[in-house]
Structure formats: C-alpha cells, structure tokens
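K.L.:
sharing a sequence plus its predicted fold:
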Amino acid sequence: MLLLEDVHKTIKKKEIIKGISFSINQGEVLGFLGPNGAGKSTTLRMIVGLSKPTKGRIEVCGESITKNYVNAMSKVGCIIEGPDLYNYMSGNDNLNMLAAMNKDVSKVDIKRAVELVGMQNRLNDKVATYSLGMKQRLGLAQALIHHPKLLILDEPTNGLDPAGINEFRHIIKNLSKKEGIAVLISSHLISEVELMCDKVAIIKDGTILKYSLVSDLLSTQEIFWAVDNNEKALALLQETFNITGKIVKDKIEAAIDVSMLPEINASFLKGGLRLKFVDNKHKTLEDLFLDITEGANIIK
Ligand SMILES: Nc1ncnc2c1ncn2[C@@H]1O[C@H](COP(=O)(O)OP(=O)(O)OP(=O)(O)O)[C@@H](O)[C@H]1O
Ligand SMILES: [Mg+2]
C-alpha cells in the first residue's frame, strides 16, 4: 500500500531526511516513532505530496506520488497538523461540504465514514461544541469519506485524554483489521505504538534506527545467567548460537529471543556448566527505544 525507498529531503542545504525506507501492507498499522525534530512530519508531508523528496521513491498502491500524483492521492486519507474543520458548522455540514467537492462521494459514503468512527449521535451539533476527541473523530471521518486504502495520521492522539486515546485506538484497529486499510501513524508515545501498531519504524535525526514487527521487538530480552565459568558460557553462546554476550559484574548477559532460552540453558548444562540462576530484565518497548536512540528525550 505504501513504499518508501531511500527517501532524502534537504531543506535550506540541510539534510533533514537521510535516506529512509519502509513499507506498509494492507491492513497493517505502522508506528512512526521518534523524538521531537526527528523528521516524522517532514516524511509524512512528502508522502501526501505537500513537499517533494530531494531523492528517492514514494509509491502508494504501486503508483509514484511524483509521477502520478492524482491517482496516488485518490487512495490516501490523511490528517496532518490537525483536522480541517469549520467550528461554526455542524459535523454533518462539514462532511457534506467536503463531499460536495468530490463528485465520486455520495450520501452513502458519508454515512459509512460516520459509522466507522462512531459519530452518529452528535452529527447535527456544531463542531464548536465538540470535545477534542470528537473533532479528531470527525477529522477521521473526513479522511475516510473517499474510501482510502492508506491513512496517514500525524500525531493523531496529541492532546487526547486516556479515554480518548483508547477510543481512537479501537477505531484504528477496526479500520485496519476489518476494512483492510493500511495506516501510518506518527507518534512520540511509546505506549501508543506498543498497543496500536503491528510494525514500528524508529526515527532519529532523519535516519531509521530500527524497523521491525512490534512483537519481534518485544520478544527480544536481556537475559542474565550466573554460572560457574563465565568464559566457557560466553564461548558456548557464541559457538552454538552465534550470540555475543558480555560479562557484567559476576554474571553473563546477552540479548536473545526468549523462545531460545530453554535450548540455551540445556546446552550450558550439557557443556558441564553449573547454572546458579537465570533472570531476565524485562524489556519494554520504552527500554528498547531508549537503548536505540541512546536516551533521546521521549515522553512515556
Ligand atoms: N521548512 C523547514 N525549514 C527548515 N527546517 C525545517 C523545515 N521543516 C522542518 N525542519 C527541520 O527538520 C527537522 C525535522 O522536523 P519535523 O517537523 O519533521 O520533526 P518531527 O519528527 O515531526 O518532530 P515533532 O515530534 O516535534 O513533531 C527539525 O529539525 C526541523 O527544525
Ligand atoms: Mg511533527
């Protein structure tokens, strides 16, 4: 649904985006996670055609956004820099006005978009009376009105309270899993990405430092072993499992896929080591994020 390949962006002689690549498949939610100033909005603006990459390829459903802008954009819905709403009009009138600008959008499409975001009840009230969460939902309905295959959302939960974030998360999950829409969400909230996204791309200083499935990130854990011969244990880890560990205080330590732990322990015992204890420092996505970005400022 979305492909970025070696995308660069230079603004005023400064390289802001330094060759990033990632992709999103149908029904997948990708969290684009990074500290302030990392280059998230700059990247999203290029994907929706608000600015041009200096170099590289961006494709939506196989169509280049630079060569085939109209076609590519017809498949994209987005909220960048907050939803575009008229406060003095009702939610319904906001949607009708947007629909009037697009000849392919009918009343049925509006009704469907409203149902997808669960806005049926307050549609006739003025937007000025809406809470931030409802405005965000109306913005989402606007983005969905033309049946996009890809949604691009720049920090959509900024300012929402925990209940609002939770509601928003359920709407996004429903859109991706039931409607098959691919979603790209930028965020600096780790907990949000952990709960809402299938994949994560961690960006800092215009470079992607980590790109993987959220479940894979979480299954990697830092394990400690206390054994009677550290050197022998390290050599075993390296030779048998190709894992490089290190000695920390009087224990050995390595980051492994937890599903390998029983096998590693068995091999220690088979190798004649006495295993005193094994422990794991549970790695949350936040620990990993901080490791990866070396302590860049991030809000939990
Ligand atoms: N038009 C511009 N001119 C000069 N510098 C820019 C311009 N747009 C963005 N930048 C710089 O590019 C970098 C990345 O900005 P960007 O807005 O993409 O970050 P972000 O990841 O969205 O951050 P935030 O979490 O604060 O929204 C920043 O250092 C910013 O100052
Ligand atoms: Mg931004």
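P.N.:
Good, I have the coordinates. Numbering: from 1, shown residues only. Ligands and ions are numbered 1, 2, ... in the order given.
K.L.:
and the helices in the stretch 151-300 of the chain?
P.N.:
With helices called from DSSP state H, counting those that start in this stretch, the stretch 151-300 of the chain shows them at 162-177, 190-196, 214-219, 230-241, 261-270, 285-293.
K.L.:
just the ones you listed: most buried one?
P.N.:
Sort those by mean neighbour count, taking mean count of other C-beta atoms under 10 Å, and helix 190-196 sits at the top with a mean of 20. Using the backbone N, CA and C atoms, a C-beta is placed for each residue, glycine as well.
K.L.:
quick one on the thing from earlier: just give me the lowest mean pLDDT stretch among the helices of the stretch 151-300 of the chain.
P.N.:
Among the helices of the stretch 151-300 of the chain, helix 285-293 carries the lowest mean pLDDT, at a mean of 73.
K.L.:
any idea how far Cys78 is from Leu98?
P.N.:
Using C-beta to C-beta, to the nearest Å, Leu98 is found at 13 Å from Cys78.
K.L.:
higher neighbour count, those two?
P.N.:
The residue with more neighbours, out of Leu98 and Cys78, is Cys78; 23 against 19, by other C-beta atoms under 10 Å.
K.L.:
gap between the residue nearest to the more buried one when sequence neighbours are not counted and Glu59?
P.N.:
Spatial nearest neighbour of Cys78, chain neighbours left out: Ile152 (4.0 Å); criterion: C-beta to C-beta, 6 or more residues apart in numbering. Counting by C-beta to C-beta, the separation of Ile152 from Glu59 is 14 Å.
K.L.:
how about the residues of this protein by ligand 1?
P.N.:
Taking C-beta under 6 Å from any ligand atom as the contact definition, the chain meets ligand 1 at Ile11, Lys12, Ile16, Gly34, Asn36, Gly37, Ala38, Gly39, Lys40, Ser41, Thr42, His188.
K.L.:
let's see which of these end up in strands.
P.N.:
Counting by DSSP state E, the residues of the chain next to ligand 1 place Ile11, Ile16 in strands.
K.L.:
and ligand 2, which of the residues of the chain next to ligand 1 reach it?
P.N.:
Lys40, Ser41 (C-beta under 5 Å from the ion).
K.L.:
redo the residues of the chain next to ligand 1 as JSON lines? Include pLDDT, distance to Lys107 and neighbour count.
P.N.:
Output for the residues of the chain next to ligand 1, formatted as JSON lines (pLDDT from 0 to 100; distance: C-beta to C-beta, whole Å; neighbours: other C-beta atoms under 10 Å):
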{"residue": "Ile11", "pLDDT": "95", "distance to Lys107": "42", "neighbour count": "11"}
{"residue": "Lys12", "pLDDT": "95", "distance to Lys107": "46", "neighbour count": "5"}
{"residue": "Ile16", "pLDDT": "97", "distance to Lys107": "42", "neighbour count": "17"}
{"residue": "Gly34", "pLDDT": "91", "distance to Lys107": "40", "neighbour count": "26"}
{"residue": "Asn36", "pLDDT": "89", "distance to Lys107": "42", "neighbour count": "10"}
{"residue": "Gly37", "pLDDT": "92", "distance to Lys107": "43", "neighbour count": "14"}
{"residue": "Ala38", "pLDDT": "94", "distance to Lys107": "41", "neighbour count": "25"}
{"residue": "Gly39", "pLDDT": "96", "distance to Lys107": "40", "neighbour count": "22"}
{"residue": "Lys40", "pLDDT": "95", "distance to Lys107": "36", "neighbour count": "23"}
{"residue": "Ser41", "pLDDT": "95", "distance to Lys107": "34", "neighbour count": "16"}
{"residue": "Thr42", "pLDDT": "96", "distance to Lys107": "37", "neighbour count": "19"}
{"residue": "His188", "pLDDT": "82", "distance to Lys107": "38", "neighbour count": "21"}
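K.L.:
related to what we said a few turns ago, mind putting the helices of the stretch 151-300 of the chain into CSV with distance to Asn121?
P.N.:
Formatted as CSV, those follow (distance: least, C-beta to C-beta, whole Å):
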stretch, distance to Asn121
helix 162-177, 13
helix 190-196, 24
helix 214-219, 33
helix 230-241, 57
helix 261-270, 50
helix 285-293, 35
